[in-house]
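Enquirer: Pasted the sequence and its predicted model underneath.
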Amino acid sequence: MTPSPRVALVTGAGRGIGRAVAKRLAEAGDQVAVNDLDGDVAAAVAGAITAAGGTAFPVAADVSDEDAVERMLDEVRGALGDPDVLVNNAGFTQHCRLVDLSTADFDRMIGVHLRGTFLCSRGVLGPMLARGSGVIVNVASQLGQIGGPDLTHYAAAKAGVIGMTKSLAREVSADGVRVNAVAPGPVDTEMLLARSDAWRAAKAAELPLGRLGRPEEVAAAVVFLCSDDASLFVGQTLGPNAGDVML
Ligand SMILES: NC(=O)c1ccc[n+]([C@@H]2O[C@H](COP(=O)([O-])OP(=O)(O)OC[C@H]3O[C@@H](n4cnc5c(N)ncnc54)[C@H](O)[C@@H]3O)[C@@H](O)[C@H]2O)c1
C-alpha cells in the first residue's frame, strides 16, 4: 500500500495524455508534480489543478537531460516530498523513413523516451525501495508492439520502454514497487496533428471502436495502474487502443 496523500510525478504533463493523467491523479487526491519541457504549459496545468482544489507543483525539465532530471527531482522533493508515483509519459513523434533518418534524430527519439524513462525511474527508485512502496507507470505505444512505417526510431524506443517495464518489474516488485505500462493506440492529441485529416479519419474508421481514443480514456488506464486496485498487475502492458491491437 502506498501512503496517502501520495506525491505523483507526471512527465510531459503540459498537455495531452499527461495533462489528463495529472488532472485525474489530483482528483483522486494525489499531490501532483507537473513536469514538461515547456514550463509555461506545466504552470498552466498546475494552476488549473490548484484552482480546482487540488495540489500541484509545476516543474520544467527535459527528461532526457540527466542534470535537468536531478534538478527536477530536487525541486519536487523540496516542494512535495519524494514521489510515491511516477508516470513516464513525456514524448514526441517524428515521421521519417529509416533510410533518411539522421543519427541526431534517432538519438533524440531514444533519448527522450527510453533514456528519459530510465533517468526518471532511477531518480525516484532509491527512496521507493527504502520505503518499500511505489508505483511506476510507463506510457509506451502500440507501435512498440507492432511497429510502424516511418516510425522505426519511435517504435524501437517504445519497444524498449516495454522491455524496461518488464525487467524493472522483475527487479523491484518483491521490494514493494510496482512497474507497469500502457500501450495506447491512436489518441486525439496534438501529437496526432502531425497526421493529415484524411489519415486521422481513415484510421478512426478502421478501428474496431470506430473512433480515435481520448486522452482521458488513456488516463483512466494509467490511474488504475497507479492505484492499489492494480495490486496484482506487475510488468504488464495494458492496451487502451480502441481495439487496434488485440494481444
Ligand atoms: N497521441 C497518441 O496517439 C499516442 C499513442 C501512443 C502513445 N502515445 C504516447 O503518449 C505520450 C503522450 O503523448 P501525447 O499524445 O499526449 O503527446 P502531446 O504531444 O500532446 O504531449 C506530449 C507532452 O510531452 C512534452 N515533452 C516532449 N518532450 C519532452 C521532454 N524531453 N521532457 C519533458 N516533456 C516533454 C511536450 O512538451 C508535451 O507537452 C507520449 O509518450 C506518446 O509517445 C501517444
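Expert: Arrived safely.
Enquirer: got the residues of this structure near the ligand?
Expert: Neighbours of the ligand within the chain, by CB under 6 Å from any ligand atom: 11-12, 14-18, 35-38, 41, 62-64, 89-92, 112, 116, 139, 141, 184, 186-187, 189-192. For the C-beta atoms, the positions are set from N, CA and C on the backbone; glycine is no exception.
Enquirer: Can you select the buried ones among those for me in ChimeraX?
Expert: In ChimeraX syntax, the buried subset of the residues of the chain next to the ligand is picked out as below (16 or more other CB atoms under 10 Å):
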select :11,12,14,15,16,17,18,35,36,37,41,62,63,64,89,90,91,112,116,139,141,184,186,187,189,191,192
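Enquirer: ok, the nearest residue to Ala43 once chain neighbours are set aside to Val32 distance?
Expert: Nearest residue to Ala43, sequence neighbours excluded (CB to CB, 6 or more residues apart in numbering): Pro58, at 4.3 Å. Per CB to CB, to the nearest Å, Pro58 is found 10 Å from Val32.
Enquirer: which neighbours do those two share?
Expert: Ala46 (CB atoms under 8 Å, 6 or more residues apart in numbering).
Enquirer: Between these two, point out the one with more neighbours.
Expert: Ranked by neighbour count (other CB atoms under 10 Å), Pro58 and Val32 place Val32 first, with 33 against 25.
Enquirer: So which residue is smack in the middle of this protein?
Expert: Residue closest to the mean C-alpha point of the chain, counted by CA atoms, centre = their mean, is Asn89 at 1.9 Å.
Enquirer: who are the neighbours in contact with it?
Expert: Taking CB under 8 Å, 6+ apart as the test, what Asn89 contacts is 10-13, 17-18, 21, 139, 222.
Enquirer: so who does the nearest residue to Arg115 once chain neighbours are set aside touch?
Expert: Excluding the flanking residues, the one nearest Arg115 by CB to CB, 6+ apart is Ser64, at 5.2 Å. Going by CB under 8 Å, 6+ apart, Ser64 touches 108, 111-112, 115-116, 119.
Enquirer: Now flag whichever of those residues is closest to the ligand.
Expert: Val112 (4.2 Å; CB to the nearest ligand atom).
Enquirer: roughly how far apart are the closest residue to that closest one other than its chain neighbours and Ala90?
Expert: Computed as CB to CB, 6+ apart, the closest residue to Val112 that is not its neighbour in sequence is Ser64, at 4.8 Å. Going from Ser64 to Ala90 by CB to CB gives 9 Å.
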